[in-house]
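Colleague: Let me see the structure of the following:
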Amino acid sequence: MHKKFELKIDARLENLPAIADFISGSMSRLGLESGKLEVELAVDEACTNIIKYAYSGKEGRIIITCERQDDELVITTQDNGKPFNPSSVPQPDLAADLDHRKVGGLGMYLMRKLMDDVSYSFDREKGNLLTMRKKLTTKEP
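Modeller: Numbers count the residues shown, from 1 in each chain. Now for the predicted structure:
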């Protein structure tokens, strides 16, 4: 039995709580209770970036899917905003003094830390596609 849940929502900051509810509810329906907060935070970061940077305050939609593929939870976000290559984002300097640290820039870092895999692709027809994967099995030391 393969379940895939999808949410189509306007790309607006005030919709972030509804997106978090969608992720939490989808994970519950998939029988996944552990790791919800980490996944919600990663998706929140991704959607915030889409709203602020891909659409830059313009109207737009985000399509989010949540599904279980074998031993992984797979979350995708799709948008038609400006193309963005996450690999172009430098690692933040976490050792820098707070007074000298650049504001922002932690979104991709957090997504990569919270999820096991983060990948991005762009298609002229489909737009930006961000795929985040979280392994469901416990990791051996």
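Colleague: residue ranges for the helices of the protein, please.
Modeller: Taking DSSP state H to define them, one finds helices in the chain at 16-29, 36-49, 107-114.
Colleague: partners of residue 120 in the sheet?
Modeller: Applying DSSP bridges to residue 120 gives these bridge partners: residue 130.
Colleague: quick one: it and residue 132, what's the gap?
Modeller: Distance, residue 120 to residue 132, by Cβ to Cβ, to the nearest Å: 10 Å. No exception for glycine: its C-beta is placed from N, CA and C like everyone else's.
Colleague: okay, those two: which has more neighbours?
Modeller: residue 132 (24 against 18; other Cβ atoms under 10 Å).
Colleague: What residues does the more buried one make contact with?
Modeller: Contacts here follow Cβ atoms under 8 Å, 6 or more residues apart in numbering; on that basis residue 132 touches 39, 42, 43, 46, 74, 75, 76, 111, 115, 117, 118.
Colleague: what's the residue closest to the geometric middle of this structure?
Modeller: Centroid check for the chain by Cα atoms, centre = their mean gives residue 43 as the closest residue, at 3.2 Å.
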